[in-house]
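**Q** got a structure for you, letters missing:
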């Protein structure tokens, strides 16, 4: 018994020494295996931060070769290819990741998401659509739907865009009512171009249902009625626009005045436009007002009042037009207001602009304050170019 215990005590330090030696050898081996990959990886990051993308790509390729099983290196390389516009190489990298059987579910979804963006950037919209749809039910589903919405809009596929916008809104991503109203307006515009009047009318009704406060459906609805000669109905639609979206009314102010003249409602329209101009002054509303105003002196006073509040070339042009129509010479206050309007309009053009970075200044610089370049300012102001 004593003999067995004696040898056991002698063997215990030996076994401990063997275990310690083996662990040290394994640790050194791991360090040797991992050292090459991180060094190449950090080298690539450093080159990328220094905007040396060509060298960074070479460094990442080297890192992938040392550690082909690390997915993060593949993602870094693929994203760098995409940033450089090398979409085919980015696609190959992300497809290689997806082909790996040992890839975790989260990384597989990440690779699918990256591949979808590769297709999008490459202009392969059909394949991008399929790739984004494959992300339904994943952590990237919201981003994929937003990308699909943008993709449908770029492709002018309005009905699929509406469906995706509804899904996003139902998922609580946010309100897409205004966007859907624009989609329905585009449907109406295309239907009108094909002569499908009933389809266009239904689309505009859907647009108003999607966003009752949106300006565009009312603008388009009034324009359609005016083209059909239904001027009184067009005025009623635009009266709603005047109340709901007074800022947007300037888009059709002159059309409103013409419709009013066509159906004999000029006086009522003049009063409404005067009230609107008091609320939201704009040159377009002013021109519409003056087109309904029979008194030349009242027209000139309105133009002068506008130039006094907001120096405007359009108002100055209108004052000159009144001078030519009535043959009444401009007086000194009118000329002074015109001079102020011209000075205000000319000021942005009296600048120098750097040809390298676009920095603008009232003064000429031999060295650009923006990009620090020398002799980058052409010695001519913008109005002389």
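**A** Arrived safely. All values derive from a computational prediction rather than experimental measurement.

**Q** for stretch 340-357, buried residues please.
**A** With burial defined by 16 or more other C-beta atoms under 10 Å, the residues of stretch 340-357 counted as buried are 341, 352-354. Every residue, glycine included, has its C-beta placed from N, CA and C.

**Q** what ranges in this protein fall below the confidence cut-off?
**A** Residue ranges of the chain with pLDDT under 70: 1-73, 383-385.

**Q** okay, which residue is most central for it?
**A** Closest to where the C-alpha atoms of the chain average out (C-alpha atoms, centre = their mean) is residue 150, at 9.8 Å.

**Q** and the helix or strand that one falls within, how far out from the chain middle?
**A** Assigned by DSSP states H and E, residue 150 falls within helix 141-154. Computed by C-alpha atoms, centre = their mean, to the nearest Å, the chain-centroid distance of helix 141-154 equals 13 Å.

**Q** one more: stretch 79-91?
**A** 22 Å.

**Q** now do the same end-to-end measure for that stretch.
**A** This stretch, stretch 79-91, spans 10 Å end to end (C-alpha to C-alpha, to the nearest Å).

**Q** in that stretch, what counts as buried?
**A** Of the residues in stretch 79-91, those buried (16+ other C-beta under 10 Å) are 79-82, 86-87, 89-91.

**Q** in JSON lines: those, plus distance to residue 169.
**A** Below are these laid out as JSON lines (distance: C-beta to C-beta, whole Å):
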{"residue": "79", "distance to residue 169": "30"}
{"residue": "80", "distance to residue 169": "35"}
{"residue": "81", "distance to residue 169": "35"}
{"residue": "82", "distance to residue 169": "30"}
{"residue": "86", "distance to residue 169": "37"}
{"residue": "87", "distance to residue 169": "32"}
{"residue": "89", "distance to residue 169": "37"}
{"residue": "90", "distance to residue 169": "32"}
{"residue": "91", "distance to residue 169": "32"}
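
**Q** now, the most widely separated pair of those?
**A** 80 and 91 (13.4 Å; C-beta to C-beta).

**Q** before we move on, back to that, pull out the buried residues from the helix holding residue 150.
**A** 141, 144-149, 151-153.

**Q** distance to residue 119 for the residues you listed - can I get that in CSV?
**A** Shown next, in CSV, are those (distance: C-beta to C-beta, whole Å):
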residue, distance to residue 119
141, 17
144, 12
145, 16
146, 16
147, 10
148, 12
149, 16
151, 10
152, 15
153, 17
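
**Q** which one among the buried residues of stretch 79-91 gets closest to residue 304?
**A** Among the buried residues of stretch 79-91, residue 82 lies closest to residue 304 (C-beta to C-beta), at 58.0 Å.

**Q** other SSEs contacting the helix or strand harbouring that closest one?
**A** Assigned by DSSP H and E, residue 82 falls within helix 71-83. In terms of contacts (3 or more C-beta pairs under 8 Å, 6 or more residues apart in numbering; DSSP states H and E), helix 71-83 is packed against helix 2-49, helix 53-66, helix 87-98, helix 105-122.
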